[in-house]
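J.: Sharing a model prediction with you, sequence too.
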Amino acid sequence: MAKSRKPSGKNTASAKGGRGGNVFLWSLWSLNWLLTLWCSGAIWFQRGLPAPAVKGTVLGFFLILALFFQFRSVRNKRWLIGSYLLAAAVVTAWLTLLHPTGKQDWDPPFIKMPTARFSADGNSVTIENIRDFHYRSEHDYDIRYRTDTYRFDEITAMDYSITHWNGSELFGHIMLSFTFKDGRRLVISPEARLERGEIYELLPGFYRWYELIFIVATEEDVFQLRTHHRRYEQEEVLLYPTNTQPEIAAYLLRDLLERGNRLAEHPEFYNGLFYNCLSSMAPTAEKLGFDFCTGLRGTFNGLSDYTGYRTGWLRRDWADQEFREYKKRHSVNQYVEHLVDPPDYSQRIRPYLQKR
């Protein structure tokens with residue numbers, strides 16, 4: 001009867017080493033292709049290489065290096081690895097050293113940066129270049145800008161708006177709307193500043209393609225543009241009342257206007273993941289202890305209304321209201337999309353708020 005042989009420690013260690021080696025190789029392979037994908041995007045989405053042929057040539061050279069990097073049997077592999085890593089480092093450094101200029105050929109809705117002049121006592125502000133376009137379609141509009149003066153101690157409420165497009169729930173566009181005693185409403189909308197004829201796309205926004213602008217506008221401009229005229233994106237506008245105290249809302253508005261002034265002097269890049277319409281407001285919100293727009297919350301900003309609902313920051317219509325019903329009730333398209341230029345637009349999108 002043959003005796004069973006116990007595997008030697010050497011063989012066991014070899015097996016473990018083999019498994020560990022495979023994990024290491026797979027990790028290296030994955031990191032390599034992640035780096036390759038990121039650098040490929042950085043090469044393609046660069047204004048410094050305007051001609052597609054030039055971009056294609058540079059990108060093709062980089063991908064060939066990345067492809068040879070995968071083969072163990074290639075001769076002079078150390079030279080290839082060094083070339084690949086050097087190319088990746090050059091691409092990364094190039095992207096990092098880019099600076100926004102604020103001097104592109106901007107699309108008309110983004111030409112004028114709003115500017116705020118604060119009174120000596122700090123109680124009021126005069127804002128120039130408040131956007132108040134009249135739209136017949138997304139690309140057919142009357143260019144109108146206003147200059148108005150507001151008192152911070154006359155703010156009565158702040159509302160939180162999320163716009164979803166094409167059924168997306170994870171991502172959205174965030175806006176804040178401030179209500180004043182005289183019935184006027186002022187919206188702050190951090191956006192990617194587009195050049196003439198340009199359409200916003202997600203991927204270029206990861207590679208310092210767009211600059212940031214804090215648009216200051218009327219609700220008839222920024223909300224109605226989305227409820228009536230951007231049909232191809234099927235935008236849904238959600239508008240929620242918040243429990244923010246007027247003095248806190250006044251601080252938020254003042255700080256955002258000051259930051260908008262700085263953007264005019266010192267432009268910044270917009271980033272679809274890390275410095276978008278919500279996370280760009282984080283420096284202001286963090287001063288008040290708000291964390292709903294930081295980290296992953298700022299990235300997946302389309303879910304921020306649930307966070308606000310759960311924490312009680314958004315004001316509920318009644319105590320035991322389910323979030324799904326709450327969200328449906330505050331989708332404003334249903335109240336106005338069948339109307340053309342309603343003069344009482346701001347009231348119609350708030351049928352649940354008869355008294356403010």
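T.: In hand now; what should we look at?

J.: Please list all residues in contact with the closest residue to Ser137 other than its chain neighbours.
T.: Distance criterion CB to CB, 6 or more residues apart in numbering; nearest residue to Ser137, sequence neighbours excluded, is His229 at 5.5 Å. No exception for glycine: its C-beta is placed from N, CA and C like everyone else's. Residues counted as contacts of His229 (CB atoms under 8 Å, 6 or more residues apart in numbering) are Tyr135, Ser137, Glu138.

J.: Which of these sits closest to Glu169?
T.: Closest to Glu169 out of the contacts of His229 is Glu138 (23.1 Å), distances taken as CB to CB.

J.: Give me the pLDDT value at the closest one.
T.: With respect to pLDDT, Glu138 has a value of 89.

J.: Okay, now the unreliable bits of this structure?
T.: Scanning the chain for pLDDT under 70 picks out the ranges 1-30, 32, 48-51, 53-55, 65-84, 231-232, 289-299, 353-356.

J.: coming back round to it: let's see if you can find the most crowded of the contacts of His229.
T.: Neighbour counts for these were taken using other CB atoms under 10 Å; the highest belongs to Tyr135, with 18 neighbours.

J.: Confirm it sits in a helix?
T.: No - under DSSP: H, G, I helix; E, B strand; the rest coil, Tyr135 sits outside any helix and is assigned strand.

J.: Next up, the contacts around the closest residue in space to it that isn't next to it in sequence.
T.: Closest residue to Tyr135 in three dimensions, ignoring its sequence neighbours and counting by CB to CB, 6+ apart: Tyr141, at 4.5 Å. Contacts here follow CB under 8 Å, 6+ apart; on that basis Tyr141 touches Pro108, Pro109, Phe133, His134, Tyr135.

J.: can you check Arg117 too?
T.: Arg117 makes contact with Val125, Thr126, Ile127, Glu128, according to CB under 8 Å, 6+ apart.

J.: nearest to Glu247, of those?
T.: Relative to Glu247, the closest of the contacts of Arg117 is Val125; by CB to CB it sits at 15.3 Å.

J.: In three-state terms, label that closest one for me.
T.: Judged by three-state DSSP, the three-state class of Val125 is strand.

J.: thought it was touching Tyr150?
T.: Yes - Val125 is within contact range of Tyr150, at 5.7 Å (criterion: CB atoms under 8 Å).

J.: sorry, back to before: include distance to Phe274 when you put the contacts of His229 into JSON lines, please.
T.: What follows is the contacts of His229, written out as JSON lines (distance: CB to CB, whole Å):
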{"residue": "Tyr135", "distance to Phe274": "31"}
{"residue": "Ser137", "distance to Phe274": "33"}
{"residue": "Glu138", "distance to Phe274": "28"}
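
J.: any idea which of the residues you listed is closest to Arg315?
T.: Checking the contacts of His229 against Arg315 by CB to CB gives Tyr135 as the nearest, at 29.8 Å.

J.: Show me where the stretch 151-300 of the chain has its helices.
T.: Listed in chain order, the helices of the stretch 151-300 of the chain (DSSP state H, counting those that start in this stretch) span 219-224, 246-265, 282-285, 295-299.
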